[in-house]
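> Mind looking at a prediction? Sequence and model below.
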Amino acid sequence: MSSRLYLPIVFGSLSLSFGQLPTPPPTTARIIGDIQDGTPAAPAPPKPVFTVPAADVLKTETHQQGGRSITVREIKPIPLPEPAAIPAPPDPGNPAVRARIAALRDRQPGAGLFSIGATVYRSQSSGTRSIVTWLPEPDAPPVTFWSSADFSLLQGISGFSCSDGTHFNFIMMWSVIDMDQMTDRFEEYGKVWQPPAIPVFAESPATFSYVSADPGPEASAALQSLHDIYNSEHDRLSVAKQGRDQASLEQAARLKADPPVPRDIVLSHWLTETPDTNGKPSSPR
C-alpha cells in the first residue's frame, strides 16, 4: 500500500457575476480556448544584457545570501528618454470609435467568472465522485452539490460557453481524497474512518445533486452546461490530464536530478537631483 495520503481540503470559492451576450443565440455548451495537456509553453525570448563599463562603476558592495552573491553597484547616471505622452482617450461619440468597440465586443464577448472549490473522492469500489462549492453571485448563498463527474479532469480548461450563450472564465481549486487509503490508514491506528454520505448516481452520463438549496434556473443551467461539456469532451479531458500528470512527473524528476542553483544578482543604481520646486536646495535621490 502506498504511504501517500490525500488530506481532505475544501477550498472556498470566489465571487462571480454572469456575463451575458446582448442577444444570446441557441448554441452548444463548449470549451473556450485550449485544454492544458502538459505541453510546455514556448520559451521566453532572452532578455537584453545590461552592461556597465567598469569606468562607470563608482562603488560596489557584495553580500552573500542563500548560497549566492548579491552585488549592489552605484554607477554613473544613465540618460533616460522622456516618458511618452499619454494619448487622449478615444471619443465614444465618434462613429468610427463606436464601430471598433462593437467589433471588439463581437470577437470577445463579455464573460463572468466561474470560480469553484472541489474535493474529489476516489475509491476502487465506488468510483469517483466530487463535492463542489460555487458562489454564483456576490450576494447569493454558496451552492454546494455532489457530482458524478471527476472534476480533476476540468483542471485544464480556462473558460467555457453555456448553452444559452453565457461565457465564463473558469477557475478551480481542488484536492483529492483516496477513500481506500483513508480507510486503511485509520485501521492502522485502530479507528474507523467515516466517509461522507455520497448520493447514488447512474454510471453515466455525469450529473449532479444539490446539497444546498436549488439556486434557480440560471445557475442550474450553467452547472448543467458544465456537465454537458464534461460528458461530450470526456475523452479529450482524460487524455489532457494524463499529459499534465506525466509532465508533472517529468518535471519532478528533472529537478531531483539537476536541482536549480541559486544565481548571483547584480543591482545597479545611480543618484539624481530632485528639481527645486519649493525654494529649497535640491537633494540627491
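Now that the structure is in, tell me what you want to look at.
> Phe145: what secondary structure?
strand (DSSP: H, G, I helix; E, B strand; the rest coil).
> Reduced to three states, what does the residue lying closest to Thr62 once chain neighbours are set aside come out as?
Closest residue to Thr62 apart from its sequence neighbours, by CB to CB, 6 or more residues apart in numbering: Thr71 at 4.7 Å. Just so you know, the C-beta spots here come from the backbone N, C-alpha and C atoms, and that holds for glycine as well. Of the three states, Thr71 takes strand according to three-state DSSP.
> wait, Thr71 sits on Gln65?
No: using CB atoms under 8 Å, Thr71 is not in contact with Gln65, being 11.1 Å away.
> quick one, which of the two is more surrounded?
Thr71 (13 against 9; other CB atoms under 10 Å).
> Look up the pLDDT of the residue lying closest to Ala140 once chain neighbours are set aside for me, please.
Once flanking residues are discounted, Ala140 sits nearest to Pro215: 7.0 Å by CB to CB, 6+ apart. The model reports Pro215 with a pLDDT of 92.
> Tell me how far Pro260 lies from Arg68.
11 Å (CB to CB, to the nearest Å).
> Ok, Thr51 next?
Taking CB to CB as the criterion, Thr51 is separated from Arg68 by 20 Å.
> so how many other residues sit close to the residue nearest to His234 when sequence neighbours are not counted?
Spatial nearest neighbour of His234, chain neighbours left out: Leu153 (7.3 Å); criterion: CB to CB, 6+ apart. Burial of Leu153 is recorded as 24 neighbouring residues (other CB under 10 Å).
> Isn't Leu153 up against Lys241?
Yes: the criterion here is CB under 8 Å, and Leu153 meets it with Lys241 at 5.3 Å.
> ok, which stretches of the stretch 101-250 of the chain are strands?
Listed in chain order, the strands of the stretch 101-250 of the chain (DSSP state E, counting those that start in this stretch) span 112-123, 127-134, 143-147, 159-161, 167-178, 208-210.
> wait, which of those strands is closest to Ala55?
strand 167-178 (52.0 Å; CB to CB).
> Residue ranges in the protein under the pLDDT threshold?
1-27, 105-110, 274-285 (pLDDT under 70).
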